[in-house]
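J.: need a structure here:
(one chain, ligands or ions: 1)
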Amino acid sequence: MRVVLLGPPGAGKGTQAQIIAGKLGVPAISTGDIFRANVSGQTELGRKAKVYMDAGDLVPDEITVAMVKDRLAEADAAGGFLLDGFPRTIAQAEQLRASLQELGHGLDRVLELVVDEEELVRRLSGRRMLVDGQMVQRDDDKPETVRHRLEVYREQTAPLSGFYEDEGLLARIDAIGSVEEVTSRALRALGADTDGEAGQPAAV
Ligand code: AMP
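T.: Residues are numbered from 1 along each chain as shown. Model prediction:
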């Protein structure tokens, strides 16, 4: 299955991506994680991306699209994947469609995790991640950067919801609730829940 997970920063995409990809037996591919690994590894790509990430801006499409294209061409993504954090612009979505077409594929489903903005700010300002055994705040989770990232989401990424709705691929998922509740709503929308009928996308 080829799935895109859409949603604003703080909607729980990373957590859900890992769980859902595990259930589907496909790799979870997170552009944010790939960028962060490159920043830690001090690669050329990481040095370029860091400037934009620290400001809460999107890394330019020409860097991001080429990176995702290479990743999708790897063997483990041949049978399916779950993309987390990509596409984030209409241009990226069009490039993704072209890259998949070259490989003879298309997307099966786009899941949008829906959370209201007040809840997002609350979640992001309290979010910590484990680095070298310590819980630290991501540089781009600082309050002023959070506000900017939400603005960038509203302006550049939110239009993807309509784009994929027009393609008949979109399922909106209420992402308020426990991790398990949100996962089961997502799996139902993919027709991959163990209680539902296999292969039949259910209404969410
Ligand atoms: P995330 O972990 O998905 O919140 O991504 C963290 C940061 O990485 C974003 O704020 C962007 O600076 C950058 N990034 C991740 N994915 C993309 C993308 N698809 N396009 C541009 N920038 C991205």
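
J.: ok, now which ones touch the residue of the chain found nearest the ligand?
T.: Nearest residue of the chain to the ligand, counting by C-beta to the nearest ligand atom: G32, 2.1 Å away. For glycine as for every other residue, the C-beta is placed from the backbone atoms N, C-alpha and C. For G32, the contact set (C-beta atoms under 8 Å, 6 or more residues apart in numbering) comprises 14, 84-85.

J.: which helix or strand contains it?
T.: Counting by DSSP states H and E, the element that carries G32 is helix 31-40.

J.: please tell me how far the residue nearest the centre of the chain sits from G104.
T.: Centroid-nearest residue in the chain, with C-alpha atoms, centre = their mean: D84, separated by 2.2 Å. Distance, D84 to G104, by C-beta to C-beta, to the nearest Å: 23 Å.

J.: quick one: pLDDT of T194?
T.: If you check T194, the pLDDT there is 64.

J.: any idea which helix or strand comes after the helix or strand that contains L111?
T.: Assigned by DSSP H and E, L111 belongs to strand 109-114. Per DSSP H and E, the first helix or strand lying C-terminal to strand 109-114 is helix 117-126.

J.: returning to that earlier point: please put the alpha-carbon coordinates of the strand holding L111 into CSV.
T.: Coordinates of each C-alpha in strand 109-114 appear next as CSV, following Å, rounded to 0.1, in the frame of the first residue of the first chain:
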residue,chain,number,x,y,z
ARG,A,109,-4.8,6.7,0.1
VAL,A,110,-4.0,10.0,1.8
LEU,A,111,-4.8,10.3,5.5
GLU,A,112,-5.2,13.8,7.0
LEU,A,113,-4.8,14.0,10.8
VAL,A,114,-7.1,16.8,12.0
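
J.: what parts of the chain come near the ligand?
T.: Counting by C-beta under 6 Å from any ligand atom, the chain comes close to the ligand at 9, 31-32, 35, 52-53, 56-59, 64, 85-86, 88, 92, 140, 149.

J.: give me the phi and psi for A171.
T.: A171 adopts backbone torsions of phi -130, psi 120, taken as degrees, to the nearest 10.

J.: from what I see, it and V114 are in contact.
T.: No. Under the criterion of C-beta atoms under 8 Å, A171 makes no contact with V114, lying 10.4 Å away.

J.: which one's more surrounded, these two?
T.: A171 (20 against 15; other C-beta atoms under 10 Å).

J.: how many residues are close by the spatially closest residue to that one that is not a sequence neighbour?
T.: Leaving out its chain neighbours, the residue that sits closest to A171 by C-beta to C-beta, 6 or more residues apart in numbering is A189, at 3.8 Å. For A189, the neighbour count with other C-beta under 10 Å is 22.

J.: filter the residues of the chain next to the ligand to the buried ones?
T.: When these are checked for burial by 16 or more other C-beta atoms under 10 Å, the buried set is 9, 31-32, 35, 52-53, 56, 58-59, 64, 85-86, 88, 92, 140, 149.

J.: quickly check those residues for the two that are furthest apart.
T.: Q92 and D140 (18.9 Å; C-beta to C-beta).

J.: thank you kindly, that will do.
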